[in-house]
Structure formats: structure tokens, C-alpha cells
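A.B. asks: no sequence on this one, just coordinates:
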């Protein structure tokens, strides 16, 4: 009898978002008869993974300090990571997001028998652009430390690259980022587009009204939503800027932001300054995202950059029309004007125009719904993606 391939997944973050959902699906859909899986993650994420995973797997909790430089000298963390990986004698170690790639990658330098893969979930363009977007307004001495951290990370990732057997990119745009910005060899990169299980998403032209009841909205109200963490990357501010123009056309329109994050206070302030408080509800983190989607007339994703956004896949699978920024992996999902709308990033006027166009046209809504779901079924099936991932792991 052939031995199972022992795989250890490592991921760290402060929230459960798209990358975490990808890891959840990889664990759930890898054939249990062929793969024995373990997960290393933060204590906070461990709780959520235990709730969501359909498989009963070993989950190890390792805490990482929030400070990048402090983490680099946190020898207890590195020792624990090494002990878990050494004891597991893993055939494959799969690292997800930058923290896991960095800290897990450094430990894997001392584990010569494991095959190491890094999945890149985002296209961060260049470090300079990322710094400008994330830290505009930050005091100069703090910004210098952030630039130093970025350069040090770049150097360490290139040292780690010596041990990396392969990179998995979630879209063609992310592959270009790995090759052009991170300067890693293209022959090591495999593109596996994110996918979803279409059976998890109810589909039909009759909307749910549960959120209408929760928010006490009138039956003829229009509901426009954003689903995702409240960060600068996701561009919520541009929907806030577009909102007054949409309200002029649809006085009963209501906007919902499902998610939480570091931008919440700032966004709430901008909503107040714009005088649109009566039209906006901050839902916070929600476990019933699928139910929320069934209530929406339009889902908006005005991001500045993306890998391949799970939210767009989920919305299209649910038959919800999408208006999104035409960036990176989103371009691989939406065919502009055919199964959704793409607008230039940062263009609030264009965003408002396309949202209004969808809200005005029932035939367009139906066309986007039918063609969007059909595309997800054909091109973004999580089971097929996992079969391809299994082949990558097995061939290593």
C-alpha cells in the first residue's frame, strides 16, 4: 500500500479572508486517502479553522509577534516551528501569505528533505507602491522603518528561494508579480486559479429578503454591498465617494459593508462627512456571507490591487451582478460588459455610473447573473483546482 503524502500548511493573518478560504478548501478537497494534512496557524485563526474545516486534522498554534523586526528575533517562535515541522517529517510544506513564506521559509532552510511550496495570493506591484498606498500620512521616521523592513523581507525571500521547489500563483497577474517584482524564476511558477464549490451557492432570480428585514428597509429599496476586510486595498472609500451620485438616482438605495479591519474608523468618518449615514450600514464581520449575497442587487469591489478575489467568484456563483475595479486577477474573471462591469481603479464617477446602469436595467442584471454563474462553473471549480494541486505535490 502506498504511503500517504504528508503535507503541512502554514498561514498567518489577523483575519479569515480569501487566502484562508483557499487553504480551507485545499485541506478539505485533497484526497484523504492520498494526503495526510496538518495545519500551522495563529491561535485566532485556529479557532475559525476548527469551526469551518470539514476534516478533522491536526492544527498546531504558533504565535507571531505583530512587529516584523521583533518576529525575526523571536527565537521561541522559530524553535517551535522547527520542532513541529521536524517531528512531522512532512513530505511537503505549503506556505501561504508573506508571513508564512518568510518565517516558515527560514525554518525550512534547515529541513532538507521536505519539498517547499509558496502560494502567492496577491499582486503587490512594487514595494514602493505598496508603501505609498498603505502608509500615506505616516510619520517619516516610521516610514523609513517600513521601507527597511520591505528591503529586508525582499533579501530574506531571495535567500529562502534557494530551498523553494515551486511557487503557486492564484492568477496570471500574480505569476507576473512573482517573476517581475519578486524576481523569482518563471520555471518554478504554476498558475492555479482560485476556485469555489458551486454547490455551496444557492442560485435563483428571486432575492432573499432577510437583510431587508434586519435593516428594516422598504421592499422597493435597492441594496448595494461590499464584502471584504476594511483595508485600503479594497477601496471602500471610492464607493463612499460614488454614493451621493447613486442616491440621486435611487433615493431608497442602501449600502452595506460586510467585514471589519483597520480602516473602519476612517470609513465611518468619511461616511459621516459625506452626509450619507442613513444610507449605509457597517455590518462588521459576518458568518452568513452567503445569505448576505442573496439579498444584494449589486456587489461592488473597488480594489486597488487583487490576486484573484474569492468574493467575486462567490458573487457570480450566487448570480449577483458585480461592478469591480479592472485590476490584476479580477481581469481574469469578469468580461467587461458581458458578465459584469470593470471600471478604472480610483474612479468614483465611473463606479457610480456602472452601478446605476445595473440598477436601472433588469435585463442586464439577468444576463450578468446567468453568464457569470456559467463562467464560474466552467472555469473556477475548486475540485478541479485541487486535483491540479495534488498533481503538483505528488510530482515534487
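C.D. replies: Good, I have the coordinates. Just so you know, these numbers come straight off a predicted model, no measurement behind them.

A.B. asks: need the strands for the stretch 51-200 of the chain, in chain order.
C.D. replies: 58-61, 92-96, 115-120, 164-169, 189-191 (DSSP state E, counting those that start in this stretch).

A.B. asks: Could you provide these in a markdown table, with additional columns for mean neighbour count and mean pLDDT?
C.D. replies: Quick note: C-beta positions are derived from backbone N, CA and C, even for glycine. Shown next, in a markdown table, are the strands of the stretch 51-200 of the chain (neighbours: other C-beta atoms under 10 Å; pLDDT from 0 to 100):
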| stretch | mean neighbour count | mean pLDDT |
| --- | --- | --- |
| strand 58-61 | 16 | 94 |
| strand 92-96 | 25 | 97 |
| strand 115-120 | 25 | 96 |
| strand 164-169 | 21 | 96 |
| strand 189-191 | 18 | 96 |
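
A.B. asks: Can you add distance to residue 19 and give those strands back as CSV?
C.D. replies: Shown next, in CSV, are the strands of the stretch 51-200 of the chain (distance: least, C-beta to C-beta, whole Å):
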stretch, distance to residue 19
strand 58-61, 17
strand 92-96, 6
strand 115-120, 8
strand 164-169, 12
strand 189-191, 16
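
A.B. asks: To residue 373, which of those lies closest?
C.D. replies: Closest of the strands of the stretch 51-200 of the chain to residue 373 is strand 189-191, at 22.9 Å (criterion: C-beta to C-beta).

A.B. asks: helix or strand right after that closest one?
C.D. replies: Scanning forward in sequence from strand 189-191 by DSSP states H and E, the next helix or strand is helix 210-215.

A.B. asks: ok so, going back, the strands of the stretch 51-200 of the chain: which one's closest to residue 49?
C.D. replies: strand 58-61 (6.1 Å).

A.B. asks: Quickly run through the sheet partners of the closest one, with directions.
C.D. replies: strand 35-41 (parallel) (DSSP bridges).

A.B. asks: related to what we said a few turns ago, relative to residue 316, which of the strands of the stretch 51-200 of the chain is closest?
C.D. replies: Closest among the strands of the stretch 51-200 of the chain, once you apply C-beta to C-beta, is strand 189-191, at 19.7 Å.

A.B. asks: For that closest one, which strands pair with it and how are they oriented?
C.D. replies: Counting by DSSP bridges, strand 189-191 is paired with strand 164-169 (parallel).

A.B. asks: Let me know the angle separating the strand it pairs with from strand 115-120.
C.D. replies: Calculated by axes from the mean of the first three to the mean of the last three C-alpha atoms, to 10 degrees, strand 164-169 forms an angle of 30 degrees with strand 115-120.

A.B. asks: quick one: contacts of strand 164-169?
C.D. replies: 105, 115-120, 175, 177-178, 184, 188-192, 389, 392, 396 (C-beta atoms under 8 Å, 6 or more residues apart in numbering).
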